[in-house]
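> Only the shape, not the letters, is given here:
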């Protein structure tokens, strides 16, 4: 029995997956109970009357090239949220297994665990050390029930990169015991190479990536899990057979063409300059009491009166994220870096 089979839910390991209609685009389709005519106004390439290709090969190959990994190590889903849900359902038995999280962090890890009936084991980041990992406590609390460890780097909502050496030590220490899932939704803004290239040598490491942030495709809902091929094969048993809508597939392939990628790189350069503008200017404002460093596309700031700051932002027709519900962030707001005009309007509202 492999380490994945030992770690995963036995009923998922034994599951015979749903058999979708075969994908043979060279033949005319009379096998999937589809309507043979397109709906009015349908301008898609393949036709919205047809089911899309399960795990589309063109998209898998394109993402594999983008992330520089083998296609067999990629699972495409509706944003990285779907991968979080699939991992939790595949590895955690209700009432018996657990996931470990490091708050303050992305809330979907805990939400998916609780929906599944899994325990959530919190190991808070060290706020006094810039929200660094508490490596020793994490390893101590990673008992046999913990099947998944979710680590977000750069972390949401604090914006900081987690120490790479510590991440890799944790992965190695938990080999055969837990799958360590590093969420790299914001890695393009950090100036650090993805850990995806380490998956081949560290099979209990998995990486979450998304096209929602740096590539401007949040509305398309497309993300990827990069993991050991055996993990990918397990999750393919439980992902819905037609998870990627045809319009999403076409929009993403368009958005990943060379010209679109060049435009994304130009916008990234502008965004990083605007991030620095916010980090430099916010501390000079009387209402701001603290600004944390950021390796993401947002800035976390603390205010003497966060409620008043929210109201002033709304008065300027701008929404920022109220982060006061996160542990240890009782006076904090999270500001997504906008256009130069939007950022200027926000700074003026708080000035």
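Looks like it arrived, so ask away. On a predicted model such as this, the values are computed, not experimentally measured, just so you know.
> Residue 279 is in contact with residue 335, correct?
No - using CB atoms under 8 Å, residue 335 makes no contact with residue 279, being 10.2 Å away. Where you see a C-beta, it was placed from the backbone N, CA and C, and this is true even at glycine.
> Which of the two has more residues huddled nearby?
With neighbours defined as other CB atoms under 10 Å, residue 335 and residue 279 compare such that residue 335 has more, 25 against 17.
> Let me know the secondary structure of that one.
Judged by DSSP: H, G, I helix; E, B strand; the rest coil, the three-state class of residue 335 is strand.
> Do a quick rundown of the strands in this protein.
Taking DSSP state E as the test, the strands found in the chain are 74-77, 98-101, 119-122, 146-152, 179-183, 205-210, 223-226, 288-291, 298-303, 321-322, 332-336.
> Tell me the strands beside the third one, with direction?
Strand 119-122 sits in its sheet next to strand 98-101 (parallel), going by DSSP bridges.
> how about CSV for the strands of the chain, with mean pLDDT and distance to residue 242 added?
CSV is the format used below for these (pLDDT from 0 to 100; distance: least, CB to CB, whole Å):
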stretch, mean pLDDT, distance to residue 242
strand 74-77, 98, 12
strand 98-101, 98, 28
strand 119-122, 98, 31
strand 146-152, 98, 26
strand 179-183, 98, 25
strand 205-210, 98, 20
strand 223-226, 98, 16
strand 288-291, 97, 45
strand 298-303, 98, 33
strand 321-322, 98, 33
strand 332-336, 98, 32
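> Identify whichever of those strands lies nearest to residue 272.
Proximity of the strands of the chain to residue 272 was assessed by CB to CB; the nearest stretch is strand 298-303, lying at 11.8 Å.
> mind checking how far the closest one is from the chain centre?
Centre-to-centre, strand 298-303 and its host chain are 21 Å apart (CA atoms, centre = their mean, to the nearest Å).
> That one to strand 332-336, inter-axis angle?
150 degrees (axes from the mean of the first three to the mean of the last three CA atoms, to 10 degrees).
> what's strand 298-303 packed up against?
Judged by 3 or more CB pairs under 8 Å, 6 or more residues apart in numbering; DSSP states H and E, strand 298-303 is in contact with helix 258-281, strand 288-291, strand 332-336.
> thinking again about what came up before, can you redo the strands of the chain as JSON lines with distance to residue 137?
Below are the strands of the chain laid out as JSON lines (distance: least, CB to CB, whole Å):
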{"stretch": "strand 74-77", "distance to residue 137": "31"}
{"stretch": "strand 98-101", "distance to residue 137": "10"}
{"stretch": "strand 119-122", "distance to residue 137": "10"}
{"stretch": "strand 146-152", "distance to residue 137": "12"}
{"stretch": "strand 179-183", "distance to residue 137": "15"}
{"stretch": "strand 205-210", "distance to residue 137": "20"}
{"stretch": "strand 223-226", "distance to residue 137": "27"}
{"stretch": "strand 288-291", "distance to residue 137": "25"}
{"stretch": "strand 298-303", "distance to residue 137": "23"}
{"stretch": "strand 321-322", "distance to residue 137": "28"}
{"stretch": "strand 332-336", "distance to residue 137": "23"}
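> can you tell which of those strands is closest to residue 254?
Of all the strands of the chain, strand 74-77 sits nearest to residue 254, with 15.7 Å by CB to CB.
> Can you name the residues in contact with the closest one?
Strand 74-77 has contacts (CB atoms under 8 Å, 6 or more residues apart in numbering) with 55-56, 59-60, 63-64, 67, 83, 86, 222-227, 232, 235-236, 239, 243-244.
> Strand partners (parallel or antiparallel) of it?
Take DSSP bridges as the rule and strand 74-77 pairs in its sheet with strand 223-226 (antiparallel).
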